[in-house]
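1. Here you go, sequence then predicted model.
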Amino acid sequence: MTRVLLIEDDPAVRRGVSLALRRRGHEIEAVGTGEDGLDALAASAPEIVLLDLMLPGISGLEVCRRIRETSQVPLVILSARGDDVDVVVGLEAGADDYVVKPASGEVIEARIRAVLRRVAPAPPDAPALAEHTTYGDLAIDRAALRVAKGGEDLALAPSELKLLLFLSASPERTFSRQQLLEQVWEHSYYGDARLVDACVMRLRAKTEDNPRRPRYVQTVRGFGYRFGPL
């Protein structure tokens, strides 16, 4: 059972999503405003947050930013706004995924499971990798799912952590955006490259001294990204 916090102002959508996820065995707390959502997050410690963007009072984007100031809880935006600008802004605010409404219960649950797998321990039959690796001033502890820069732990959202772990497992190998979508986000649909690009931007802001001249997650123009510490 997964504890889910749903922040959605539309009563019909709130009921529909809650019912669909409860039928699939999840525990749901549903609230209608950003203020109530922030209070519920502090009080109930959910395992994942589903967040609408168009909320009364505090906007969904502001809620997302405030959550990311204090927590790296997995967060998926559910929004009827599917324009490129809206998606990119939502992802840049710190969301791990973005689902355009209306979406079926099956799709929402699949996204929940995919995001939660990004912070799950590797399965016993996974290829063995060095648990502790250091690249420049970046230290990666795969067993503890921790990353430190210059001795200071970094607060990485699930998508940021999974992307860094995936790329650093194959240094110097270049992956296309589509490959990263399939391996890290576990899904694909038109425009999904925005997920990768926004996550790379956030990851660089946390790991690089100069995000415009990255040492770690490097761009291979016209193709994708690679992990290439200098």
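-> Structure's in. What do you need?

2. hang on, residue 197 in a strand?
-> No - read with DSSP: H, G, I helix; E, B strand; the rest coil, residue 197 is helix and lies in no strand.

3. how near is the residue lying closest to it once chain neighbours are set aside to residue 89?
-> Counting by Cβ to Cβ, 6 or more residues apart in numbering, residue 197 lies nearest to residue 177, which is 7.5 Å off, once chain neighbours are set aside. Yep, even glycine has a C-beta here, placed from its N, CA and C like the rest. The gap separating residue 177 from residue 89 is 19 Å, by Cβ to Cβ, to the nearest Å.

4. what's the answer for residue 65, then?
-> 11 Å.

5. Can you name the element that comes right after the least confident helix or strand in the chain by mean pLDDT?
-> Taking mean pLDDT, DSSP states H and E as the measure, the chain has helix 84-92 as its least confident helix or strand, at a mean of 78. Sequence order places strand 97-100 as the next helix or strand after helix 84-92, per DSSP states H and E.

6. how about that following strand: buried residues?
-> Under the neighbour-count criterion of 16 or more other Cβ atoms under 10 Å, strand 97-100 has 97, 98, 99, 100 buried.

7. repeat for stretch 52-66
-> By neighbour count with 16+ other Cβ under 10 Å, stretch 52-66 contains the buried residues 52, 53, 55, 58, 60, 61, 63, 64, 66.

8. start to end distance for that stretch?
-> When the termini of stretch 52-66 are compared using Cα to Cα, to the nearest Å, they are 14 Å apart.

9. Can you name the residues in contact with that stretch?
-> 7-10, 13, 32-35, 37-38, 51, 75, 77-81, 86, 89-90, 93-95 (Cβ atoms under 8 Å, 6 or more residues apart in numbering).

10. swap in stretch 151-164?
-> Residues outside stretch 151-164 that contact it (Cβ under 8 Å, 6+ apart) are 68, 72, 74-75, 94, 96-97, 115-116, 118-119, 139-140, 145-148, 180, 184-185, 195-196, 199-200, 202-203, 206-207, 216-217, 227.

11. Buried residues of it, list them for me.
-> By neighbour count on 16+ other Cβ under 10 Å, the buried set for stretch 151-164 is 154, 156, 157, 158, 159, 160, 161, 162, 163, 164.

12. mind checking how far the second one is from residue 35?
-> When you say that, I think you mean residue 156. Counting by Cβ to Cβ, the separation of residue 156 from residue 35 is 27 Å.

13. Likewise for residue 202?
-> With Cβ to Cβ as the criterion, residue 202 and residue 35 are 25 Å apart.

14. nearest residue to the residue positioned nearest the centre of the chain other than its sequence neighbours?
-> For the chain, residue 96 is the residue whose C-alpha lies nearest the centre (Cα atoms, centre = their mean; 1.9 Å). Excluding its sequence neighbours, the residue lying closest to residue 96 (Cβ to Cβ, 6+ apart) is residue 159, at 4.2 Å.

15. circling back: of residue 202 and residue 35, give the one with the bigger neighbour count.
-> Ranked by neighbour count (other Cβ atoms under 10 Å), residue 202 and residue 35 place residue 202 first, with 22 against 15.

16. mind checking which helix or strand the more buried one is in?
-> In this structure, residue 202 is located in helix 193-207 according to DSSP H and E.

17. what's the burial count for the residue nearest to residue 193 when sequence neighbours are not counted?
-> Using Cβ to Cβ, 6+ apart and skipping residues adjacent in sequence, the residue nearest residue 193 is residue 177, 4.4 Å away. Around residue 177 there are 18 other residues, counting by other Cβ under 10 Å.
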